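Peer 1: Give me a 3D structure for the following:
(4 chains)
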Number of protein chains: 4
Amino acid sequence: MTTFFRISAIVLMAGLLAMTAAKPTRVVFFGDSITQAGVNPGGYIDRLKKMLPSDQFELIGAGIGGNKIYDLYLRMEEDVLAKQPDVVVVWVGVNDVWHKSSYGTGTDPDKFVKFYEAVVKKLQAANARVILCTPAAIGEKTDFTNQQDGDLNLYSQLIRDLAARRNLPLVDLRKAVLEYNLKSNPENKDRGILTTDRVHLNEAGNQFVAEQMQKVLTTVVATK
Amino acid sequence: MTTFFRISAIVLMAGLLAMTAAKPTRVVFFGDSITQAGVNPGGYIDRLKKMLPSDQFELIGAGIGGNKIYDLYLRMEEDVLAKQPDVVVVWVGVNDVWHKSSYGTGTDPDKFVKFYEAVVKKLQAANARVILCTPAAIGEKTDFTNQQDGDLNLYSQLIRDLAARRNLPLVDLRKAVLEYNLKSNPENKDRGILTTDRVHLNEAGNQFVAEQMQKVLTTVVATK
Amino acid sequence: MTTFFRISAIVLMAGLLAMTAAKPTRVVFFGDSITQAGVNPGGYIDRLKKMLPSDQFELIGAGIGGNKIYDLYLRMEEDVLAKQPDVVVVWVGVNDVWHKSSYGTGTDPDKFVKFYEAVVKKLQAANARVILCTPAAIGEKTDFTNQQDGDLNLYSQLIRDLAARRNLPLVDLRKAVLEYNLKSNPENKDRGILTTDRVHLNEAGNQFVAEQMQKVLTTVVATK
Amino acid sequence: MTTFFRISAIVLMAGLLAMTAAKPTRVVFFGDSITQAGVNPGGYIDRLKKMLPSDQFELIGAGIGGNKIYDLYLRMEEDVLAKQPDVVVVWVGVNDVWHKSSYGTGTDPDKFVKFYEAVVKKLQAANARVILCTPAAIGEKTDFTNQQDGDLNLYSQLIRDLAARRNLPLVDLRKAVLEYNLKSNPENKDRGILTTDRVHLNEAGNQFVAEQMQKVLTTVVATK
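Peer 2: So this is what the prediction gives:
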C-alpha cells in the first residue's frame, strides 16, 4: 500500500470514527401527562433540547396522560424499545398514587415495585441505560398536609431503594421540589410555585425539572 | 420386515399410545382466594378430584388470596408455567373490582383486558389450553343492588368478549350463580346461598362451581 | 242579619277564598348540580314553569353542584326553610354514590337514610310538603354494567322505602329513566339518550324529568 | 336574727357549698373505636379513673367503632347530652380519613369542619365544656410515609384551627404521638410503639394518651 493510500485510509477511518462519535445519545423520556406536556414549547424536554448540545443528544418524549407504572410496562416495546434508545428516563408515580382516590385504581406499593423492576430489566436487556425519577408532587404545601403526601413519600422511597439496589442514577424530584418549596413557598400554597394545578409544571417548574435532569443526563453520558 | 416384527411394532406403538393416553390431563386452577380455598377438603377443586376420573385428570390449585389479573400475570411463570399444565382454568376478577373501594387499587377495565390477554397469550405460547371464568359475585342479592354489581357485570362481559374473540371455552359463573340465586334466594339475601360472606363459597357453592367446571373440563378434554 | 249583610258577607268570603286560592304554591327544588342546571333556559325547572299554571305555582331552584344528602342537611335552613316553601322536591343521591370512587367521600347507606330522614323531618316541621326523587343515572347502559348501578339501585330502594314508610309522594326517576332507556337505547350507550355525560340532563332529559315531576306536583297540589 | 341563727345559716351555706364542690365533674369521652376500647381494663379512660381523684371526676365512655364526625353529630343527643356532661372530650378523625380508602366514605375536609362546629355548638348550648383532640395516627412511621399522613396532618390542622377560633382546650395527640415516636421509634416501624395495629392503642399508648388527657382535664377543671 502506498503512503497515499495509507493516509487516505487513516483519514477515512478517522472520519468514520468522528461520525460514530457524532451520533448523538438518544434519550427517551418515558412517563405520564407531565412528560407528555414536556415536549410542548417551554416544556421541560423542549428546554433540555436547548440546554444540551444537539450533536450529542437526541431527546424524545414518550409521555401519555394518566399512565401508571403498569401502563408503561404494557406499552414499552412499541413506544420505547422500538426507538432503540441509549438512555431511558423513567418518570412515573403520580397516577399510581392519585388514582387511588380519583378512580379507585391506584397501584399497590408492592406491585409498583414489581412492575418498575420489570420495566428496568427489559430496558437494560435492550442495552438502554436507565435513569429513575421520583414523583414530584400532588400539591406543593410544605407541611405534609397534601392529601397524597404519605403515599408520594412512600413510593418515592421505593424508587430510591430500587435505584440504590440496582445502582441506577436517580433524579430525586420529590426531594428537590420539596426543598425548593421550603425556600420559595412561605405561604404554604398548594400550587403556583412550580405547578399550575398542584401536579403539572408551570414555566418555573419546567425550568427547574430541566435543570435537575440536565445534571444527571450530563453525568450519565460522560461516564458512558 | 417379518410379520412377527410388524405385529410387534404395532403392539409396541399401541402400547405407547395407550401410555400417552393414560397420562392424565394436568389442569391448573389459577386464581384468587376462592381458588386458594378450593383445594381444601370440600373445596371446589377437592370435589372435582372426586367427580373426574383420576387417571384422566390431575388437578392443581394455584390460587392466592387478594390476587388481581396483574398478580396472576406477575407470578404465572413460577406458579403455572413451571408446572407444564395441559389446561389452565383462569378465574379472577373479584379483587380487580372489589379493591377499588376497599384499597383504592382495583384494576381499570381496559388494563384488565390487556393483562388478561397477556396471560392468555403466554399460556397458549406454552401450549396450555385456556379456560376462562367470569367472577361469580360480591353479594348474592338478585335485584342488582350489590354495590359492585355494575362492575362485576362489566368485567364479566369483558371476559365473555375475550373468550369469544379468542374462541376459548368459558365457565360463565356470573351468569350461572345469578340464575341459581334467582331460583334459590327468594328473600334477596346478600350471602348464605352459595357463599359464606358474599364472596367465598360455602358447601353448596363449592359443589355448584365444581359442577359448572366439570362440564367444561370434560368437553375441553374430549375435544382435545 | 239583613239580606244586604248576608250578601256582603258572602262576597267578602268569596273574595278571601279567591285571594287564598290565588296565592301560588311555592315549590323549592332541593338538590345537586342537576337541579342547579335545572333553572337554566331549557332546564327541567324552566320547562316546568311553562308547563304549570304560573298563578298556581312558584318554582324556585336550590341546587348546588356536588351536593350529597348531608350537604342538603347542612344548608337547608338558609337555602330552603328561609324561603317558606309549601312543597320541597328533594332530589339527591348521585354524589353520595359517585364520590365514593371519585373522591373517597361518598355516603354510607345507613347514614344516607339517617340524614335523609332528618331533612324530611325538618321540612315537615316547617309545614312543607315533601316529595322524594330517586337518583336517575350514572351511565345510561341498560344491562346494569354502569359502574355505580349496584349502589344507585340500592340508594334508590332506600329512598323508596323511606317514601313508603312516611307516606310521601315519590318521583321514581331511577325506574322511569331505566324504562325509557330500555325502549330508546337499543345500542346500550352510556350517554346521549337523556344525559349529555352519563349524569347531567340533555334536552330530552330535561323534558322527561319535567314531565315526571309535573305529574306528581299536580297530584300533590290537588290533594292539598 | 340571733348569733345562733347567723352561725347556723353560715354553717348550712358552707355545707351546701361543700356539697356542690363535692359533686364530681362529669366527663364524657366522645369518639370512635379507640375510645370504645378506652373503658376496658387498661384502656386510657380506665387509667384516667385511677389517675384523677374519683370525688372530683366521673368519667364516662361514649365511643363507637367506625365513627366519623357526622356519626357523632347524629348520635350526640342520646349518647352525650342525655348524660348532662360538664365536660365533653371529642376525639375523632381517624375514620373520616381512613374510610376514604377502605370504604370510599370518608369525610370531605370542609364538611368535617362544619359538622365539628355543629357538634361543638350543640354541646356548648347544653353548657358542656368542650375539649378537642387531634387524631393520633394511622401508622407510626415518623418519616411521613404512612399512607394517610397527608390527610391526618390536614384534619389535625383543621381541628387546631377550630380550637383556636373558639378558644377551646386542645389535646394535640397527633403532635404528641409524633414527638414520642421520633424519640422512641428509631426503626421507623408502622406499629408496636404506641399502637397494636397502626391505630389502636397498646398498653404504652393507653398510658400515654391518659397522661396527655390528664394534663388538660386538670387544667380545664381548675379554671372552671
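Peer 1: In PDB, list the C-alpha atoms belonging to stretch A:144-156.
Peer 2: What follows is stretch A:144-156 as a C-alpha-only set of coordinates in PDB (Å, rounded to 0.1, in the frame of the first residue of the first chain):
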ATOM      1  CA  PHE A 144     -47.100  17.500  54.600                       C
ATOM      2  CA  THR A 145     -50.800  18.300  54.600                       C
ATOM      3  CA  ASN A 146     -51.200  17.500  50.900                       C
ATOM      4  CA  GLN A 147     -53.600  14.500  50.800                       C
ATOM      5  CA  GLN A 148     -51.200  12.200  49.000                       C
ATOM      6  CA  ASP A 149     -48.000  13.200  50.800                       C
ATOM      7  CA  GLY A 150     -47.800   9.900  52.700                       C
ATOM      8  CA  ASP A 151     -48.100   7.800  49.600                       C
ATOM      9  CA  LEU A 152     -45.800  10.100  47.500                       C
ATOM     10  CA  ASN A 153     -43.200   9.900  50.200                       C
ATOM     11  CA  LEU A 154     -43.500   6.100  50.300                       C
ATOM     12  CA  TYR A 155     -43.500   5.500  46.600                       C
ATOM     13  CA  SER A 156     -40.500   7.900  46.200                       C
END
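Peer 1: roughly how far is it from the heart of the chain?
Peer 2: The gap between where stretch A:144-156 is centred and where its chain is centred comes out at 20 Å by C-alpha atoms, centre = their mean, to the nearest Å.
Peer 1: Would it count as contacting chain C?
Peer 2: No - in terms of C-beta under 8 Å from any C-beta of the partner chain, no part of stretch A:144-156 sits within range of chain C; the closest distance is 9.3 Å. Using the backbone N, CA and C atoms, a C-beta is placed for each residue, glycine as well.
Peer 1: touching chain B at all, that stretch?
Peer 2: No - judged by C-beta under 8 Å from any C-beta, stretch A:144-156 makes no contact with chain B; its nearest approach is 9.6 Å.
Peer 1: Need the contact partners of that stretch.
Peer 2: Residues from elsewhere that reach stretch A:144-156, judged by C-beta atoms under 8 Å, 6 or more residues apart in numbering or on different chains: A:93-94, A:96-98, A:100-101, A:106, A:109, A:112, A:134-135, A:137-140, A:172, A:174-175, A:190, A:198, D:139, D:143-151, D:153-154, D:157.
Peer 1: Would you mind giving the secondary structure of the residue minimising distance to the centre of chain A?
Peer 2: By C-alpha atoms, centre = their mean, the mean C-alpha position of chain A lies nearest to A:V89, the distance being 3.5 Å. Using DSSP: H, G, I helix; E, B strand; the rest coil as the criterion, the local structure at A:V89 reads strand.
Peer 1: returning to what we had before: show me just the buried residues among the contacts of stretch A:144-156.
Peer 2: Of the members of the contacts of stretch A:144-156, the ones counted as buried by neighbours, 16 or more other C-beta atoms under 10 Å in any protein chain shown, are A:93-94, A:96-98, A:100-101, A:106, A:109, A:112, A:134-135, A:137-140, A:172, A:174-175, A:190, A:198, D:139, D:144-151, D:153-154.
Peer 1: give me every residue that touches the residue nearest to the centre of chain A.
Peer 2: By C-beta under 8 Å, 6+ apart, A:V89 lies in contact with A:V27, A:V28, A:F29, A:F30, A:G31, A:I131, A:C133, A:V171, A:M213, A:L217.
Peer 1: ok, now with 6 Å
Peer 2: When contacts are counted by C-beta atoms under 6 Å, 6 or more residues apart in numbering or on different chains, A:V89 is found next to A:F29, A:I131.
Peer 1: Can you give me the distance of it to chain C?
Peer 2: For A:V89, the distance to chain C equals 31 Å [C-beta to the nearest C-beta, to the nearest Å].
Peer 1: what do you get for A:S101?
Peer 2: Relative to chain C, A:S101 is positioned 5 Å away (criterion: C-beta to the nearest C-beta).
Peer 1: Can you tell me the closest non-neighbouring residue to that residue?
Peer 2: C:G104 (4.8 Å; C-beta to C-beta, 6 or more residues apart in numbering or on different chains).
Peer 1: now swap in A:T35 and tell me
Peer 2: Excluding the flanking residues, the one nearest A:T35 by C-beta to C-beta, 6+ apart is A:G63, at 2.8 Å.
Peer 1: Hmm, A:G31 and that neighbour touching each other?
Peer 2: Yes - taking C-beta atoms under 6 Å as the definition, A:G63 is a contact partner of A:G31 at 4.5 Å.
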